[in-house]
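[1] pasted the sequence and its predicted model underneath.
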2 protein chains.
Amino acid sequence: MQSIAPAKPRPTISDVARLAGVSPTTVSHALNDKGYVDPQTRERVKEAARTLGYRPSVRAQRLRTGEAHTIALVSSMPFEIAGGASRLGFLMEVAAVAASAALTRGLALVLVPPVMAGRLPLEQLDIDGAIVIEPTADDANVAHLQERGLAVVCLGRQPGNDVAPYVDIHSSATSELLLNHLHEQGSTKIALLIGAQARNSYIEAREAYARFCAARGMTPVIAVADESGGEDAGRDACAALLSAHPDLDGLCALVDAFAVGAVQAIAQRGKHVPDDIKIVTRYDGVRARACRPPLTAVDMHLEDMASQAVELLFAHLAGKGGARTVAPALPELVIRESSRA
Amino acid sequence: MQSIAPAKPRPTISDVARLAGVSPTTVSHALNDKGYVDPQTRERVKEAARTLGYRPSVRAQRLRTGEAHTIALVSSMPFEIAGGASRLGFLMEVAAVAASAALTRGLALVLVPPVMAGRLPLEQLDIDGAIVIEPTADDANVAHLQERGLAVVCLGRQPGNDVAPYVDIHSSATSELLLNHLHEQGSTKIALLIGAQARNSYIEAREAYARFCAARGMTPVIAVADESGGEDAGRDACAALLSAHPDLDGLCALVDAFAVGAVQAIAQRGKHVPDDIKIVTRYDGVRARACRPPLTAVDMHLEDMASQAVELLFAHLAGKGGARTVAPALPELVIRESSRA
């Protein structure tokens, strides 16, 4: 049983000044190569700093410059979707890339995962800006960050927000890709299952689905499930869909947790995926791959999205203005057993 | 093309003091419920703060208290193992849990992923402490953090470090579990493939392997590969093993990237996994599951490890002393096709 000191008393700039026989201001100038300091004095100060093991306080420097050099990555998805069983999901894939991209620009990335209940304690974070993943129209985190005057970049446009820069996550193109694929595989009665929160990806999916149905003379069938219900909510929503529309032969379940729940509901009804009903989902993560049968999904190019989000935030932090929106590579289908004809 | 202001000028404590007609010190006391402030004055100060939208500077408070309320999670594995293709690996699984555990204790977690080349720019981070994953004996990050007087908790003991608190990741027990399993499945000539860096998990694995061989009269065959070579290094090391020991029928490749490379080398030699050679690895991540055939691995209880690491760091930060070491649940085998008799 041993303990370490959480922070040994560190030498201050005054300690260095005393040892070198100069003023603290001279120490500051000498160590930061600012102002005029006699070369011999500069050497004496540096020697004193070395002797004492003095390092300038990162915190004091930041208070002076007004910069924290820290950004946060915030998930606005409920814990049931982005936390828990699918921790190795969307958020963490983005986090891995964003943290590396931030680091190469001298920014630290604070990871703010979804919490079980309540609002995120963002006010405790000493940050300069944040990337918020797929915020809803009334996202409390975005509101809080903007109220503090911090730079915010959304990964996926926030509905109703005409100011915050965002990375276009191509929700229309993704929806079209999935719906057209189901149609090409032979599905003729295709339903759309989306989440209840006001996210831009659902809004664009609804629009794409409406166009898709109109072009093919299909009757739109849309089901909405509560994201905080996770897989169970997807299962229940799909069961209700199958009762109301027993002839469904295709399902586009955008949320991966809903798609996994839907597969359960279909099996419980004694039907088979993909022979009776084909299923597709959006995020090509562990859930889609581990599902039985594995789910057709979309390569959203998350790496590209994440690094573009950091770049966009960085440009705004650097006061370079920067674009309102950037668009990563277009999504590509990853076809698996769940939708094969 | 629109831009947002990175930080709108925020009202200062002096602005509030001026509006309320009191001194900045009185504002500070009134808002923080410190010292004696006349109740009417306190109300007037709070009203002025509300009017101006004043919030105390997190940064200034932290400079005063000497605490950043931020911890870092640092991976000491090379980019080729912990970054790149297996981003959804060990580090991110630990990060997801650690970030949640930290958040519930009011700590922000900065994610410090491996970088492509060179040392991590840790000196830029304004942190109180760090969790370092499986540091090597000469880990430059641990040295830097300890030199700064910061609290460090190692996930997996650092060889030669008799001070830093650590989470026991049960490397002996894990190695024994894997070796005994291969033996039970019928392997009689089992080699050990480990990384070249001085990590405690390899040291314990060597010792467990020596005991295992001695108890069964096996001749030890140990191969060492450079972690920064990733899967290719594992493939080459396994190819060399097979040339030198054509009768090998079992391989314990602790690093998952090495195990995946080893499967390639075995196939290139025209041999079959598991019929000719059985393979097992340590971390039950995406790599092990996605490998063909899927790899037998170990459930290390990473969630338990990560939350215990945060708790241990928190105890030391809080100056409560805290234990030198904690031990999460013991590892459990996850048997897959790669080692089935």
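    Looks like it came in fine. Note that this is a predicted model, so its numbers are computed, not measured.
[2] counting neighbours, what do you get for the residue lying closest to A:G160 once chain neighbours are set aside?
    Nearest non-adjacent residue to A:G160, counting by CB to CB, 6 or more residues apart in numbering or on different chains: A:A137, 4.9 Å away. Where C-beta positions appear, they are placed from N, C-alpha and C, glycine not excepted. A:A137 has 14 neighbours, counted by other CB atoms under 10 Å in any protein chain shown.
[3] now the strands for chain A?
    Assignment of strands within chain A using DSSP state E yields the ranges A:70-75, A:108-112, A:129-133, A:151-155, A:166-167, A:190-195, A:222-225, A:250-253, A:278-283, A:296-299, A:325-326, A:332-334.
[4] could you dump those strands to CSV with distance to chain B and mean pLDDT?
    Shown next, in CSV, are those (distance: least, CB to the nearest CB, whole Å; pLDDT from 0 to 100):
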stretch, distance to chain B, mean pLDDT
strand A:70-75, 7, 88
strand A:108-112, 4, 88
strand A:129-133, 7, 93
strand A:151-155, 5, 93
strand A:166-167, 11, 96
strand A:190-195, 21, 97
strand A:222-225, 24, 97
strand A:250-253, 22, 98
strand A:278-283, 12, 96
strand A:296-299, 14, 97
strand A:325-326, 9, 92
strand A:332-334, 13, 97
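[5] mean neighbour count for those - can I get that in JSON lines?
    Below are those laid out as JSON lines (neighbours: other CB atoms under 10 Å in any protein chain shown):
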{"stretch": "strand A:70-75", "mean neighbour count": "27"}
{"stretch": "strand A:108-112", "mean neighbour count": "27"}
{"stretch": "strand A:129-133", "mean neighbour count": "25"}
{"stretch": "strand A:151-155", "mean neighbour count": "27"}
{"stretch": "strand A:166-167", "mean neighbour count": "26"}
{"stretch": "strand A:190-195", "mean neighbour count": "26"}
{"stretch": "strand A:222-225", "mean neighbour count": "18"}
{"stretch": "strand A:250-253", "mean neighbour count": "28"}
{"stretch": "strand A:278-283", "mean neighbour count": "28"}
{"stretch": "strand A:296-299", "mean neighbour count": "22"}
{"stretch": "strand A:325-326", "mean neighbour count": "17"}
{"stretch": "strand A:332-334", "mean neighbour count": "15"}
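[6] for the closest residue to A:A262 other than its chain neighbours, give me its contacts.
    Once flanking residues are discounted, A:A262 sits nearest to A:C238: 3.7 Å by CB to CB, 6+ apart. Going by CB atoms under 8 Å, 6 or more residues apart in numbering or on different chains, A:C238 touches A:L193, A:A223, A:L251, A:A253, A:F258, A:G261, A:A262, A:A265, A:I266.
[7] tell me the predicted confidence for A:C238.
    A:C238 is assigned 98 on the pLDDT scale.
[8] tell me the spacing between it and B:T41.
    Distance of A:C238 to B:T41, given as CB to CB, to the nearest Å: 62 Å.
[9] quick one: contacts for the residue most central in space within chain A?
    The residue lying closest to the centre of chain A (CA atoms, centre = their mean) is A:I133, at 3.6 Å. By CB under 8 Å, 6+ apart, the residues touching A:I133 are A:L73, A:V74, A:S75, A:S76, A:M77, A:F90, A:L91, A:V94, A:C154, A:L155, A:G156.
[10] closest to A:L107 out of the residues you listed?
    A:L73 (11.0 Å; CB to CB).
[11] quick one, domains of chain A?
    Domain assignment for chain A by automatic domain parsing gives A:13-56, A:70-169+A:301-331, A:171-299+A:333-339.
[12] so what's the backbone phi/psi at the nearest residue to A:F314 once chain neighbours are set aside?
    Spatial nearest neighbour of A:F314, chain neighbours left out: A:R105 (5.4 Å); criterion: CB to CB, 6+ apart. A:R105 has phi and psi values of phi -100, psi 10 when expressed as degrees, to the nearest 10.
[13] and if you look at A:S76?
    When read as degrees, to the nearest 10, the backbone of A:S76 gives phi -100, psi 0.
[14] please apply the same query to A:L150.
    Phi and psi for A:L150, reported as degrees, to the nearest 10, are phi -90, psi 150.
[15] what number of residues are in the vicinity of it?
    23.
[16] how many residues are close by A:D232?
    A:D232 has 15 nearby residues by other CB under 10 Å.
[17] contacting residues around it?
    A:G261.
[18] got the residue ranges for the helices in the stretch 1-150 of chain A?
    Under the criterion DSSP state H, counting those that start in this stretch, helices of the stretch 1-150 of chain A are mapped to A:13-20, A:24-32, A:39-52, A:58-65, A:79-82, A:90-104, A:140-147.
[19] er, the stretch 201-341 of chain A I mean
    Here the stretch 201-341 of chain A has its helices, by DSSP H, counting those that start in this stretch, at A:230-244, A:256-268, A:286-290, A:302-317.
[20] by mean pLDDT, show me the worst of those helices.
    helix A:286-290 (a mean of 84).
[21] mind listing what's buried along that one?
    For helix A:286-290, burial by neighbour count (16 or more other CB atoms under 10 Å in any protein chain shown) applies to A:V286, A:R287, A:A288, A:R289.
[22] thought the first one was touching B:A290?
    No. Contact criterion CB atoms under 8 Å: A:V286 and B:A290 do not qualify, at 9.8 Å.
[23] was I right about A:A223 contacting A:L193?
    Yes. With contact defined as CB under 8 Å, A:A223 counts as touching A:L193 (4.8 Å).
[24] common neighbours of these two, please.
    A:A237, A:C238, A:L241.
[25] do you know the pLDDT at the residue lying closest to A:V298 once chain neighbours are set aside?
    Residue nearest to A:V298 in three dimensions, not counting chain neighbours: A:P331, with 4.6 Å by CB to CB, 6+ apart. At A:P331, the model reports a pLDDT of 95.
[26] and A:P331, how far from A:A205?
    Counting by CB to CB - A:P331 and A:A205 are separated by 12 Å.
[27] and those two? Which one has more around it.
    More neighbours surround A:A205 than the other of A:P331 and A:A205, with 26 against 22 (other CB under 10 Å).
[28] still on that earlier bit, give me the subset of the buried residues of helix A:286-290 touching chain B.
    Near chain B, judged by CB under 8 Å from any CB of the partner chain, the entries from the buried residues of helix A:286-290 are A:V286, A:R289.
[29] closest one to A:M300 out of the buried residues of helix A:286-290, please.
    After measuring the buried residues of helix A:286-290 against A:M300 - CB to CB - the closest member comes out as A:A288, at 11.6 Å.
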